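**Student:** need a structure here:
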Amino acid sequence: MAYIIDLPIYTDKRGSLTVLDDVQHLLPFQIRRIFYIYEVDDSLRGGHRHKATTQAAICVRGSCTVFNDDGSRKEEFLLNSPGKCLVLGTKDWHQMHHFSQDAILLVLASTSFDPNDYIFEPYPDHENTL
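**Tutor:** I've put the predicted structure just below:
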């Protein structure tokens, strides 16, 4: 099941700061891999499930929309603030779309990269996901 964690944002005359502190209590997993997605045109990203990986996504700049289906609930999440952290459950089918031109999506993952962890399958109701 996907859900949002609100991260603290501290702002003063010097700018803004978002902190992921005490991560072992904040996220339901230990971070093993970090990657980010950027310079996305009108493409769709994701479009798969994972066998073992849990992820958390933060749009640190710009915005994007994440569609998630955990098998019992279908939801779309607008990520448009570095203070929103979307946790995606293992085996959730997810797809990212509608990236703004300046979007940078930071993803924290519970496992190191393993191509065998990915389950690529067409979404049954793909036309209605966007």
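
**Student:** So what touches the least confident helix or strand in the chain by mean pLDDT?
**Tutor:** Ranked by mean pLDDT, DSSP states H and E, the helix or strand of the chain with the weakest confidence is helix 23-26, at a mean of 86. By C-beta atoms under 8 Å, 6 or more residues apart in numbering, the residues outside helix 23-26 that reach it are 5, 20, 30-31, 85. Bear in mind the C-beta positions are built from the backbone N, C-alpha and C, glycine included.

**Student:** Quick one: residues contacting residue 93.
**Tutor:** 48-49, 68-70, 121, 123.

**Student:** List the beta-bridge partners for the spatially most central residue of the chain.
**Tutor:** Centre of the chain computed as the mean C-alpha position; nearest residue by C-alpha atoms, centre = their mean is residue 57, 2.8 Å away. Using DSSP bridges, the bridge partners assigned to residue 57 are residue 86, residue 107.
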